[in-house]
Each structure stands twice: as C-alpha cells, then as structure tokens.
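>>> Predicted model, plus sequence, below.
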Amino acid sequence: MKKALKEKYELLKEKAFTIIYGRDTVAGKLFDLILLGFILVSVFLAIFESIKTVDKHIHTLLVVLEWMITIFFTIEYILRIICTPKWKRYIFSFYGIIDLISILPVYLSFFVVESKFLSIIRILRLLRIFRILDLVQFTQQANQLRKALKNSQTKILVFIYFVLVLCVILGAFMYMIEPHDKAFTSIPRSIYWCIVTLTTVGYGDVVPTTTFGQIMASIIMILGYGIIAVPTGIVTSEYSRFYRKKEEQKPHYPHRTAPTKYSHSHTHGYCRHCGTYPLPNDALYCHKCGAKQ
C-alpha cells in the first residue's frame, strides 16, 4: 500500500515538474500561457482596486477574483517546492522570494485589516514574466548589461561623488548670494535646489531672484545636460569594449576562393598563396598570381 502511494507520489512529482518546468512540452507551454494570463489579470486587479470609484462598485468581484488567483499561485508555489529536487535553493532564490511575497499580502489582509496596503506588492508578480519569457536573447542582453554596469561601477561612483561635491559647493555659493528670507533659507535647501536644477528636473519651488543668482542658475542648467550624458557614455564605452573583445575572440580564417584541401578533388588543387581553385596538381605556377607551387 505504502509502495503504491509512493509510486503515485513520484509520478505526480514527475508530471508536475514536466508541466511547470517543461518549456518544450505542450503542457508546459500551455501552463506558461495560463500563468502569464493570471499574472496580467492580477496586476490589473491591483490597479483597479486602487481606483476608488471602480473599487466602490465592483469591490466584491475584485476580492473574489484576487482570492482565486492567489489560491492558484499558492498551489503553484507548493508544487514548485514539491517537484524541485533542490527545493531549498528555489525557496531562497530571487523568483522564489518573489513568488512568496506576491501571495502573502492577500492572506495577511484576511487576518489583519491594516495590512491591506500590502496588496500593492502583488504587482511584483510582473517580475515573473521574465522567468516565463526566459529567452536566450533576453538572457544574453541582460548579462551584457550587468557586465557593463559592473565594469563601469567604479567610474560611475567617482562621477556621482564629483556631482555631489559640485552640488554642495554650488549650493553653498547660491546660499551666499541669494536672500535668506525667501527660498534659499539654508545651505541644505540650496543644495536641494542645485540638485533639482542640475538634473534638469526644475520643480520651481525654489527660484533665484537676484540677477547673479539667475546667471548661475543658467550655467548650472547648461552644465546639467553634459553631466547627464556622462553615465550613458561610460556604460556605452563598456558595451563597445565587450563587443570588441567578443569579436577578437572569434576564430579568423584566411580568405579562400576554394574549399579546403580536404574537400577538392584529386585532380585539382589550390594555390597556397592566393587560394585560387581549381589548380591542376601538376601546375608549377599559379595562373592567377604567378606564385611558384
């Protein structure tokens, strides 16, 4: 009896693994499509729930649908743990944590009313789309971006440090030349204005009133456009270096107008200097380049 139950359990694990992780099977592809549909519906439900007018009219429907989707994701989460050989590795992996966090808010809201705001965390389910669409091209592009950012992180940190120092100096300078009874009431507020201006955001809550202050603001605005382009150039440079290195690692073959010596016939050869083919095996000179054979 126990042996039969164990065999059924192992068969269930095998089928669950084939459906959940089998990308090349019909059942696996269908499961991914269903999972993708549930993720999108769940995100739309969270968005509609945040709209008070919509939530007021169809609140019950939104709650029922969300509970159905949460139960589906809970079953899927449990099946992943059961059928995965290294289940601890899945639980503490990035997507495993996302799977758990995305289903907890609904259960917490059932016991604690104050935790309802955590339902917005359900939108994190969108990250699971990257696992469903785990295409080789996307993975390669993500790895290239990660390597480019990692290789340029020191330059970017130095650049950010330079920008912060510049903002502190310019903010303190603006605090000196602007009246203190209006917008620039302190050095931290002046630094805040400099950051907002340098990044070309321009909220408009802090505005210089003196002529010299407006001239300085204009210079900082123009300077901001150049500063914004620097991180992009750093990362782009790392991308170019990566592709250049990749091209250099590719094997280079000499140009030939004929197949290799193993592919031509016994009665014809090729020129060892220019690669001209066909060339009679008894030829002393190449008829194209004139090189001695």
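Structure received. Numbering: from 1, shown residues only.
>>> now R128: how far from V43?
11 Å (CB to CB, to the nearest Å). Yep, even glycine has a C-beta here, placed from its N, CA and C like the rest.
>>> Repeat that for N151.
From N151 over to V43 (counting by CB to CB), the distance is 34 Å.
>>> Now T200: phi and psi?
Backbone torsions for T200, taken as degrees, to the nearest 10, come to phi 60, psi 30.
>>> Count the residues that sit near it.
13 (other CB atoms under 10 Å).
>>> contacting residues around the closest residue to it other than its chain neighbours?
Nearest residue to T200 in three dimensions, chain neighbours excluded: G224, at 4.8 Å (CB to CB, 6 or more residues apart in numbering). Contact analysis of G224 by CB atoms under 8 Å, 6 or more residues apart in numbering lists T197, L198, T199, T200.
>>> CSV please, covering those residues and showing secondary structure.
Shown next, in CSV, are those (DSSP: H, G, I helix; E, B strand; the rest coil):
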residue, secondary structure
T197, helix
L198, helix
T199, coil
T200, coil
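>>> Any of the residues you listed buried? List them.
Among the contacts of G224, those classed as buried by 16 or more other CB atoms under 10 Å are T197, L198.
>>> quick one: which of the contacts of G224 is nearest to I81?
Distance to I81 across these (CB to CB) is lowest for T199, with 45.0 Å.
>>> still on that earlier bit, so the residue nearest to T200: helix, strand or coil?
On the basis of three-state DSSP, G224 is classed as helix.
>>> H180 too?
coil.
>>> tell me, how many neighbours does it end up with?
12.
>>> Which phi and psi values does it adopt?
phi -90, psi -10.
>>> per-residue pLDDT, K116?
K116 carries a pLDDT value of 55.
>>> actually I71, not the one I typed
92.
>>> Could you pull up phi and psi at Y285?
Per-residue torsions, Y285: phi -130, psi 150 (degrees, to the nearest 10).
>>> do you know how far it is from C274?
12 Å.
>>> likewise R122?
From R122 to C274 the distance is 68 Å (CB to CB).
>>> okay, and the common contacts of Y285 and C274?
In contact with both Y285 and C274: A291, using CB under 8 Å, 6+ apart.
>>> Quick check: of the contacts of G224, which lies closest to A229?
The closest of the contacts of G224 to A229 turns out to be T200 (CB to CB; 11.5 Å).
>>> wait, what's in contact with the closest one?
M221, G224, Y225, I228.
>>> ranges for the helices of the stretch 101-250 of the chain?
Assigned by DSSP state H, counting those that start in this stretch, the helices in the stretch 101-250 of the chain fall at 128-132, 136-151, 153-177, 187-198, 211-249.
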